[in-house]
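A.B. asks: no sequence on hand, only this structure:
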């Protein structure tokens, strides 16, 4: 039996309609957007617009033009962080952030940008009351993940949004682990920008992501990349309108077509079905870990229930090297998991698993109860026998 349990990194498998749509586009069309005045170019332009419309609806963005495509959530965060912040600016982050947030901020330190980490508890939950203690006169934004890729903990985004509105701060949300799974409404949550990727909860292909950004914020962001957009080609200045302001060059149309198909697949499912399924598997896994926890063979890093979490479970294995456990799960049981620090050293320092890291199991929509049970059998055999 094989069990792929690394969906927090890249979801696999994905709906069959996604690669089929990409193959059909690449073998029957091949046109570009804004660069051709013929039928196939107009057709693909319409599909790109539909993809923007679907994403705008998914994130509660005001308009389809508020969606700009990138390669992935890392590029999206770089675009937002580097485009917004300047010398003397201060930012608040959580202590659970991924390096996709932290490395751009650390890099900007040489340009006079500073940040404060708002503390989180041992489950990875943000201490909302501590936000005010991080506030400075020059604080300009809060940049925060929606859910941790280490503990699966879902942050209290609406409360953070209230804080940002009360203090006139820009709120940038990293939705790498939640887009397509956990509901997001920018207006209701007080979010100014959502950074997302296609290859996780959205069940799309790798190499496509984007931002959903308010029009007001879009005009305050300096684009990360500039060049041809297929619009206002008589000028050498950057277009002032979205999405052209934040997009340049030939877009990843196969990726957008795949994402379009994935959004169609999501729309055909019962509302909330993906999250319910993933949390059902997560609860089954957590329940099965109980005996191993009681004997001290494992420590669940995060909540022991599925309240305020996604389908990510990280385990510390006291007395056993986590890397060895992950390797044996693959070699002996054909179970694919991730091991290490998961590109989030600050998160591991917060939950006490730095520098060894954890063995991470992450469940997706196409996993089954049999996958969960097989993973539990494998863990028991590996850890109880020593």
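C.D. replies: Yep, that arrived. Source: prediction; values computed, not measured.
A.B. asks: for residue 142, which non-adjacent residue is closest in space?
C.D. replies: residue 92 (4.7 Å; C-beta to C-beta, 6 or more residues apart in numbering). For the C-beta atoms, the positions are set from N, CA and C on the backbone; glycine is no exception.
A.B. asks: quick check: that neighbour is in a strand.
C.D. replies: Yes - under DSSP: H, G, I helix; E, B strand; the rest coil, residue 92 sits within a strand.
A.B. asks: for it, name its beta-bridge partners.
C.D. replies: Residues in a beta bridge with residue 92, per DSSP bridges, are residue 116, residue 142.
A.B. asks: and the gap between it and residue 101?
C.D. replies: Here the distance between residue 92 and residue 101 works out to 11 Å (C-beta to C-beta, to the nearest Å).
A.B. asks: pull up the overlap in contacts between the two.
C.D. replies: Between them, residue 92 and residue 101 share these contacting residues under C-beta atoms under 8 Å, 6 or more residues apart in numbering: 143, 144.
A.B. asks: what segments of this protein are helices?
C.D. replies: Per DSSP state H, the chain carries helices over the ranges 17-28, 39-59, 73-84, 99-108, 131-134, 157-167, 186-189, 215-218, 253-267, 273-294, 322-333, 345-351, 369-385.
A.B. asks: and these, which one's lowest on average pLDDT?
C.D. replies: Comparing mean pLDDT over the helices of the chain, the weakest stretch is helix 39-59, at a mean of 88.
A.B. asks: please list all residues in contact with the nearest residue to residue 81 once chain neighbours are set aside.
C.D. replies: Closest residue to residue 81 in three dimensions, ignoring its sequence neighbours and counting by C-beta to C-beta, 6+ apart: residue 104, at 4.5 Å. With contacts taken as C-beta under 8 Å, 6+ apart, residue 104 has the following neighbours: 77, 78, 81, 82.
A.B. asks: would you map out the domains in the chain?
C.D. replies: Domain ranges of the chain: 3-12+271-385, 17-267, per automatic domain parsing.
A.B. asks: would you agree residue 350 is in contact with residue 96?
C.D. replies: Yes - the pair residue 350 / residue 96 is scored as a contact, 5.9 Å apart, by C-beta atoms under 8 Å.
A.B. asks: compare these two (neighbour count), which wins?
C.D. replies: Using other C-beta atoms under 10 Å as the criterion, residue 350 and residue 96 rank with residue 96 on top: 30 against 25.
A.B. asks: the more buried one and residue 130: what is the separation?
C.D. replies: As defined by C-beta to C-beta, residue 96 lies at a distance of 13 Å from residue 130.
A.B. asks: check residue 150 too.
C.D. replies: In this view, residue 150 and residue 130 are 19 Å apart by C-beta to C-beta.
A.B. asks: for residue 338, same thing?
C.D. replies: Distance check for residue 338 against residue 130: by C-beta to C-beta, it reads 30 Å.
A.B. asks: neighbour count: those two, which is higher?
C.D. replies: Just comparing residue 338 and residue 130: by other C-beta under 10 Å the higher neighbour count belongs to residue 338, 22 against 16.
A.B. asks: that one bridge partners, please.
C.D. replies: residue 360.
A.B. asks: can you get me a residue count around residue 233?
C.D. replies: For residue 233, the tally of surrounding residues (other C-beta under 10 Å) stands at 10.
A.B. asks: whoops, residue 84 was the one
C.D. replies: In terms of burial, residue 84 registers 21 neighbours under the definition other C-beta under 10 Å.
A.B. asks: distance of it from residue 216?
C.D. replies: Residue 84 sits 12 Å away from residue 216, going by C-beta to C-beta.
A.B. asks: equivalent analysis for residue 195, please.
C.D. replies: When distances are taken as C-beta to C-beta, residue 195 and residue 216 turn out to be 17 Å apart.
A.B. asks: next one: residue 333
C.D. replies: The span separating residue 333 from residue 216 equals 52 Å under the rule C-beta to C-beta.
A.B. asks: and if you look at residue 144?
C.D. replies: Counting by C-beta to C-beta, the gap from residue 144 to residue 216 is 20 Å.
A.B. asks: likewise for residue 242?
C.D. replies: Distance from residue 242 to residue 216, counting by C-beta to C-beta: 11 Å.
A.B. asks: sorry, back to before: who touches both of residue 350 and residue 96?
C.D. replies: Taking C-beta under 8 Å, 6+ apart as the criterion, residue 350 and residue 96 both touch 120, 124.
A.B. asks: in contact with the most centrally placed residue in the chain, which residues?
C.D. replies: In the chain, the C-alpha nearest the mean C-alpha coordinate belongs to residue 176, at 0.1 Å (C-alpha atoms, centre = their mean). Taking C-beta under 8 Å, 6+ apart as the criterion, residue 176 is in contact with 73, 98, 100, 145, 146, 149, 195, 196, 197, 200.
A.B. asks: need phi/psi at it.
C.D. replies: For residue 176, the backbone dihedrals are phi -60, psi -40 (criterion: degrees, to the nearest 10).
A.B. asks: measure it to residue 60 for me?
C.D. replies: Look at residue 176 and residue 60: by C-beta to C-beta, they are 18 Å apart.
A.B. asks: ok, back up a step: which of the contacts of residue 176 sits closest to residue 248?
C.D. replies: Proximity of the contacts of residue 176 to residue 248, judged by C-beta to C-beta, is greatest for residue 195, which lies at 17.8 Å.
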